[in-house]
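Student: Could you look at this predicted model? Sequence included:
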Amino acid sequence: MTTEHPLIHRLADQFNATWLTLATHDAFIAQGGEQVLFFSGDPVRFNEVLDVAVVLPELQKAFGGRFSLGTVCRADEDALARRWGVQRWPSLVFVRDGLYLGCIPGMLDWTDYLARVADVLAQPGGRPPIALMANAAAPACH
């Protein structure tokens, strides 16, 4: 976890976020309840990453600590992103009892975040979306 930005480390150090890797992800999800998986991406490439890292604990607080936080380690981010259908960084994936609730990509205004998080948490759990391959990557059918 040493390659992560200090503001992302802050989530684990000050707000009890769990570091998620391919090895720890399943155990975290198996704990049950509502969880948010933070897919940060590279803060140099995606300028919203650090903003989301700062806002995420405030969202948790605004919802009464209703969900626990998991910070996906960069080394395993692509593999876990495929599992949850994440296609944009940064993204917050919401899960309840191991079931997908929804994903909020990017940085939003505070009131928009509150509304979107409330909407996502009101969803019944289901399967994550299936990531589709681009046409150029698919084999030709003719």
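Tutor: Looks like it arrived, so ask away.
Student: Just the buried positions in the longest helix along the chain, please.
Tutor: Looking across the chain with DSSP state H, the single longest helix is helix 49-62. By 16 or more other C-beta atoms under 10 Å, the buried positions in helix 49-62 come out as V49, L50, V52, A53, V55, L56, P57, L59, Q60. Placement of C-beta: from N, CA and C, glycine included.
Student: now those in CSV, with distance to R88 and pLDDT?
Tutor: Formatted as CSV, the buried residues of helix 49-62 follow (distance: C-beta to C-beta, whole Å; pLDDT from 0 to 100):
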residue, distance to R88, pLDDT
V49, 11, 96
L50, 16, 96
V52, 11, 98
A53, 16, 97
V55, 16, 97
L56, 16, 98
P57, 21, 98
L59, 18, 98
Q60, 21, 97
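Student: what's the closest of those residues to R74?
Tutor: V49 (10.5 Å; C-beta to C-beta).
Student: Make sure that closest one is actually in contact with D42.
Tutor: Yes: checked against C-beta atoms under 8 Å, the pair V49 and D42 is within contact range at 7.4 Å.
Student: neighbours of T18, just the number please.
Tutor: If you count neighbours by other C-beta atoms under 10 Å, T18 ends up with 19.
Student: Check F39 too.
Tutor: 26.
Student: Quick check: it vs G125, distance?
Tutor: Remark: distance between F39 and G125 (C-beta to C-beta, to the nearest Å) = 19 Å.
Student: Could I get the CA-only coordinates of the helix or strand encompassing L7 as CSV?
Tutor: Here L7, judged by DSSP states H and E, is contained in helix 6-15. Coordinates of each C-alpha in helix 6-15 appear next as CSV, following Å, rounded to 0.1, in the frame of the first residue of the first chain:
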residue,chain,number,x,y,z
PRO,A,6,-1.4,10.1,1.5
LEU,A,7,-5.0,11.2,1.2
ILE,A,8,-6.0,7.7,0.2
HIS,A,9,-3.9,6.3,3.1
ARG,A,10,-5.8,8.7,5.3
LEU,A,11,-9.0,6.7,4.6
ALA,A,12,-7.4,3.6,6.3
ASP,A,13,-5.5,5.5,8.9
GLN,A,14,-8.2,7.9,10.2
PHE,A,15,-11.5,6.4,8.9
